[in-house]
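Peer 1: Give me coordinates for this.
(4 chains)
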2 protein chains.
Amino acid sequence: MSSPDKVFEALASTARRRILAYLSEGPLTAGVVADRFEMSQPAVSKHLSILEAADLIWKKREGQFVKYGMKADNLGSTLAKFMQEVCPPSRTLKAERCAESDPD
Amino acid sequence: MSSPDKVFEALASTARRRILAYLSEGPLTAGVVADRFEMSQPAVSKHLSILEAADLIWKKREGQFVKYGMKADNLGSTLAKFMQEVCPPSRTLKAERCAESDPD
DNA sequence: AAGATATATAACTAATAAGTTAAAAGGTGA
DNA sequence: TCACCTTTTAACTTATTAGTTATATATCTT
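Peer 2: Next comes the predicted model:
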């Protein structure tokens, strides 16, 4: 179970969004991810654990390595649910509510 | 022009997401928004200005009041673009990449 | 068991964020 | 102009975040 709060908090960081995008190309070990970013290894490790806490990625030990990979489901459903809260179809249908509203 | 960074930063706050959802029901004055939330009026004002900086809402002075309203476009396009970065259709097509990736 | 490598945690610092109250700015109307 | 109302800005406090280096833990290899 993951809260939307944790997801949005995780996405708030540009570094984490970039890590996520990088992982979306395929699973990688923590070390490979760390090498790709100009940040200390512990910093990347912390970002990874925040992404994991938000249930946006999975983690699996493989010998002395730890492999991480993306979990698209939770990202998609959280963002979709939020979009719906903020711009529900019922409202979209009647009088293009979500497109309108700009007085300029 | 609004940066994705500002949008994600704006959405990182639960309070701001709730304000946004509230505004999505229709434009309201700052005071009405402030009344709805258990927070001082200046605090709400600050949240509103962050949402505005992210181009998620518009603002219009009406006499001594200031009316705010949602701007759905930027929210939708920013989230859509991000989803695409993190789970591009090309990859989705070949081998259900974005659904897979979970080793459990 | 020892040494090397991979990753995570601890302890710390500096910057940022979110809230507060008090004061300023903008607008109304007698 | 003066009193009043709405909203924003300023100044400040406290908590959180993002990074650092140093250390601990886990695993592999010999």
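
Peer 1: between the longest helix seen in chain A and helix B:72-86, how many degrees?
Peer 2: Of all segments of type helix in chain A, defined using DSSP state H, the longest is helix A:72-86. For helix A:72-86 against helix B:72-86, the angle by axes from the mean of the first three to the mean of the last three CA atoms, to 10 degrees is 180 degrees.

Peer 1: Same question for helix A:72-86: list its buried residues.
Peer 2: By neighbour count on 16 or more other CB atoms under 10 Å in any protein chain shown, the buried set for helix A:72-86 is A:72, A:74-75, A:78-79, A:82-83, A:86. (Glycine included, C-beta is placed from N, CA and C.)

Peer 1: Mind telling me the two of those farthest from one another?
Peer 2: The distance between the two most remote of these (CB to CB) is 21.1 Å, for A:Ala72 and A:Val86.

Peer 1: Can you name the residue of chain A nearest DNA strand C?
Peer 2: Using CB to the nearest atom of the strand, the single residue of chain A nearest to DNA strand C is A:Gly31, 2.1 Å away.

Peer 1: Run through the residues that contact that residue.
Peer 2: Residues near A:Gly31 by CB atoms under 8 Å, 6 or more residues apart in numbering or on different chains: A:41, A:65.

Peer 1: measure it to A:Asp5 for me?
Peer 2: Counting by CB to CB, to the nearest Å, the gap between A:Gly31 and A:Asp5 amounts to 30 Å.

Peer 1: now swap in A:Leu56 and tell me
Peer 2: Separation of A:Leu56 from A:Asp5 (CB to CB): 13 Å.

Peer 1: same thing with A:Ile57?
Peer 2: 17 Å.

Peer 1: And for A:Arg17?
Peer 2: Where A:Asp5 is concerned, A:Arg17 sits at a distance of 17 Å (CB to CB).

Peer 1: Then A:Asp35?
Peer 2: On the measure of CB to CB, A:Asp35 and A:Asp5 end up 31 Å apart.

Peer 1: Kindly report the same for A:Lys59.
Peer 2: The gap separating A:Lys59 from A:Asp5 is 21 Å, by CB to CB.

Peer 1: Any regions of chain A where pLDDT drops low?
Peer 2: Where chain A drops to pLDDT under 70, the residues are A:1-2, A:88-104.
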